[in-house]
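Trainee: predicted model follows, preceded by the sequence.
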Amino acid sequence: MTRKAIIDDPYNAETPLDRLDGSIVPVGDFFVRSHFAVPAISPDRWCLAVDGKTLDLPALRALPARRLVVTLECAGNGRTLLTPPVKGAPWRLGGVGTAEFEGAPLRDVLDRAGVDGSAREIVFTGGDAGQVPDGRTVAFERSLPVDVARDPDVLLAWGMNGAPLPPEHGAPVRLVVPRWYGVASVKWLVGIRGLAAPYTGYFQSENYVYRGSAACPDGTPVGAVRVRSIVASPEAGATVAAGEVEIRGSAWSGAGPIARVEVSADGGARWTDATLGAPVSPYAATPWVVRPILPVGESEIRSRATDAAGNVQPDGAPWNALGYGNNSIQTLRVLVRN
């Protein structure tokens, strides 16, 4: 399978599900989320404004660097599976991927720039901008609470899978925020500033918020990733031989490590604990595998993850008007033949 576009303009595409087995996803298969056209930013001319000070790429790369393997997931992943349907980018289940990012810890940049110690939030501005539904032209901006922004594993990344970031993934520099939905990991980063009051920009208070959800108050911005598991193999609609069948996939959560994955091959009547593998990093998806005996006929496969904080992937996540955080249990059917 290869990456397929769900929207061509601006370009958005999903990771093939067979890549979601807990391994690092090749850059060419890693999902792409764009709200506007990809900005043309030359690395030689790029600079980052940090509370009135500027930092160019050589100066950023001169800071102590780290490499972290991180699973990033779009907050709208699974949107098309909600009932009743909602508007938005038509993600199925491939709005997620795992990659190794290289960059400098954000807190080092904040400290060197002397960001105001009274700041309550840190706002990040991308180099992309465009019109939103009401006709306004806005830049892509999101904020993080100061304590999250100062986590040593939040990176200003210039590298991905051992090479420079490609344009569609935020070159020359992007933010990478482990365990938070991908909207927090602002691409094409050009500005950082501290605010003493909560930030209320379009992508913080009007979009990427939960509305009409029974799980949280209206207007709550999306934050940490909800616990989820994905079946990477077999694919939906596949034909497999009767007998022992290997079912494998991965699971992840913004609340911490994965503690358990259960798999059913009979539509949820019976569940079997999968064997968990070791994730590539604390922020990477956990691989899992189970090998049930499948009889001839049609089998309905489901997987259900539980994280170390006790969060369990639900049969059906709470509906919300913008289609975010849908971590409902995946269901797929395969045909079993002799």
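Mentor: Alright, I've got the coordinates.
Trainee: show me the strands in the stretch 101-250 of the chain, by range?
Mentor: 121-131, 137-145, 155-160, 163-164, 174-176, 189-195, 209-210, 220-221, 228-233, 239-241, 243-244, 247-252 (DSSP state E, counting those that start in this stretch).
Trainee: out of those, which is the most enclosed?
Mentor: Compared across the strands of the stretch 101-250 of the chain, strand 247-252 shows the largest average neighbour count, a mean of 27 (mean count of other C-beta atoms under 10 Å). C-betas here are computed from N, CA, C, even on glycine.
Trainee: quick one, helices of the stretch 1-150 of the chain?
Mentor: 57-61, 106-113, 146-149 (DSSP state H, counting those that start in this stretch).
Trainee: just name the most buried of these.
Mentor: Using mean count of other C-beta under 10 Å, the stretch among these with the largest mean neighbour count is helix 106-113, at a mean of 18.
Trainee: only C-alpha atoms, please: export that helix in CSV.
Mentor: As requested, the backbone C-alpha atoms of helix 106-113 are provided in CSV (Å, rounded to 0.1, in the frame of the first residue of the first chain):
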residue,chain,number,x,y,z
LEU,A,106,12.2,24.2,23.0
ARG,A,107,13.0,25.2,26.6
ASP,A,108,16.6,25.9,25.7
VAL,A,109,15.4,28.4,23.1
LEU,A,110,13.0,29.9,25.6
ASP,A,111,15.7,30.3,28.2
ARG,A,112,18.2,31.8,25.8
ALA,A,113,15.6,34.3,24.5
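Trainee: right, and the helices of the stretch 1-150 of the chain - which one's nearest Val38?
Mentor: In this view, the helices of the stretch 1-150 of the chain are compared for proximity to Val38 by C-beta to C-beta, and helix 57-61 is the closest at 17.9 Å.
Trainee: give me the residues contacting that closest one.
Mentor: Among residues not part of helix 57-61, those counted as contacts by C-beta atoms under 8 Å, 6 or more residues apart in numbering are 43-44, 46-48, 104, 109, 156, 158, 172-173.
Trainee: how's this structure carved up into domains?
Mentor: Structural domains of the chain, as assigned by automatic domain parsing, span the residue ranges 4-221, 228-337.
Trainee: got the ones you listed as TSV, with mean pLDDT columns?
Mentor: TSV is the format used below for the domains of the chain (pLDDT from 0 to 100):
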stretch	mean pLDDT
domain 4-221	97
domain 228-337	98
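Trainee: of the helices of the stretch 1-150 of the chain, which is nearest Val336?
Mentor: For the helices of the stretch 1-150 of the chain, the distance to Val336 is smallest for helix 146-149, at 46.1 Å, taking C-beta to C-beta.
Trainee: could you find the closest non-adjacent residue to the residue nearest the centre of the chain?
Mentor: By C-alpha atoms, centre = their mean, the mean C-alpha position of the chain lies nearest to Glu73, the distance being 1.5 Å. Spatially, and ignoring its direct neighbours in sequence, Glu73 is nearest to Val96 (4.0 Å; C-beta to C-beta, 6 or more residues apart in numbering).
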